[in-house]
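Visitor: need the 3D shape of this:
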Amino acid sequence: MEQMIDKDLIKKLRIERSWSQDQLSSVSGLSLRTIQRIENEGTCSLESKKALAAAFEINANKLDINTAAINTLAANNRGRKFGFAGTAAGLVSAYIGITMSYTSGNITSSEAGLYYGSIGAFCGICCAIIGICSNRYIAKVKT
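Guide: Numbering: from 1, shown residues only. Modelled structure (predicted):
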């Protein structure tokens with residue numbers, strides 16, 4: 001049965017020891033192709049997981065993938081997408097409202113231009129804030 005393991009941790013532990021994939025293969029008793037697959041896909045058999053844990057001299061459970069962090073990152077990505085979509089919907093709605101006011105003669109073209117620019121700048125700032133906060137959150141979860 002395939003086990004999901006933290007492929008980034010495997011690579012980090014290997015690099016900390018200045019081992020190549022071939023050296024890790026020799027130390028763990030696994031084939032080079034198996035090491036490559038584990039680092040690329042993050043899946044392996046229980047026996048391979050135990051062999052890697054022995055090679056790194058750690059408990060095999062430490063190699064398990066952190067599913068809570070993955071779920072948190074997925075939720076963050078969903079939130080980021082909804083944030084950008086909400087900003088885009090607000091932008092389109094504001095532009096429609098401004099355009100309707102301009103075509104009905106309630107505002108002048110210079111006022112419409114000012115409003116378009118203001119709304120565009122506001123939406124740009126909102127997108128920047130969403131991106132910055134989201135990236136900071138991701139960095140916090142990964143540590």
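
Visitor: what helices or strands is the worst-scoring helix or strand of the chain on mean pLDDT leaning on?
Guide: In the chain, no helix or strand scores lower on mean pLDDT, DSSP states H and E than strand 3-4, which sits at a mean of 83. Judged by 3 or more CB pairs under 8 Å, 6 or more residues apart in numbering; DSSP states H and E, the packing partners of strand 3-4 are strand 43-44, helix 46-56. Placement of C-beta: from N, CA and C, glycine included.

Visitor: from the chain's centroid, how far away is that strand?
Guide: Relative to the centre of its chain, strand 3-4 is centred 20 Å away, using CA atoms, centre = their mean, to the nearest Å.

Visitor: now swap in stretch 45-64 and tell me
Guide: 26 Å.

Visitor: likewise stretch 19-37?
Guide: That offset, for stretch 19-37, works out to 28 Å (CA atoms, centre = their mean).

Visitor: what are the contacting residues of that stretch?
Guide: 14, 38-39, 43-44, 48, 51-52, 54-55 (CB atoms under 8 Å, 6 or more residues apart in numbering).

Visitor: at 6 Å instead, please
Guide: 14, 48, 51-52, 55 (CB atoms under 6 Å, 6 or more residues apart in numbering).

Visitor: closest to residue 65 among the residues you listed?
Guide: residue 52 (13.3 Å; CB to CB).

Visitor: against residue 63, how distant is residue 33?
Guide: Distance, residue 33 to residue 63, using CB to CB, to the nearest Å: 19 Å.

Visitor: and these two? Which one has more around it.
Guide: A direct count of neighbours by other CB atoms under 10 Å for residue 33 and residue 63 places residue 63 higher, at 24 against 10.
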